[in-house]
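J.: Just to be clear, the model below is a prediction. Sequence and coordinates:
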Amino acid sequence: MWIVYIIKCKDNTLYTGSTTSIDRRLREHNSGKGGNYTRIRRPVELLYKESHPDRSHAQKREAEIKKLSKNEKLALPLQQTK
């Protein structure tokens, strides 16, 4: 199972990603090992997540979400499970 997620960074910017373990990935982001973008914008908090059956579907959805405006991302229901 793959999870597409949106996190809010300390500077109120949003980061979208995908993972197989949301708990592990949030720990990585908050410890500074999650990615260059979030490394200097810690702490982060989970705003949204949705599940997908495989990596391909998750990456397609991640790309769709990245094209949304910030307001459209914020309008997604909190921690939805698909």
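T.: Everything's here; your move.

J.: Please point out which parts of stretch 20-30 sit buried.
T.: By 16 or more other CB atoms under 10 Å, the buried positions in stretch 20-30 come out as 22, 25, 26, 28, 29. All C-beta atoms are positioned from the backbone trio N, CA, C, and that covers glycine.

J.: and that stretch, how far out from the chain's middle?
T.: In terms of CA atoms, centre = their mean, to the nearest Å, the centre of stretch 20-30 is found 10 Å from the chain centre.

J.: cool, stretch 27-44 as well?
T.: The chain centre lies 12 Å from the centre of stretch 27-44; the measure is CA atoms, centre = their mean.

J.: outside of that stretch, which residues touch it?
T.: 7, 8, 9, 10, 11, 13, 15, 17, 25, 26 (CB atoms under 8 Å, 6 or more residues apart in numbering).

J.: Could you work out the end-to-end span of it for me?
T.: 9 Å (CA to CA, to the nearest Å).

J.: Tell me the buried residues in that stretch?
T.: Across stretch 27-44, burial judged by 16+ other CB under 10 Å covers 28, 29, 34, 38, 41, 44.
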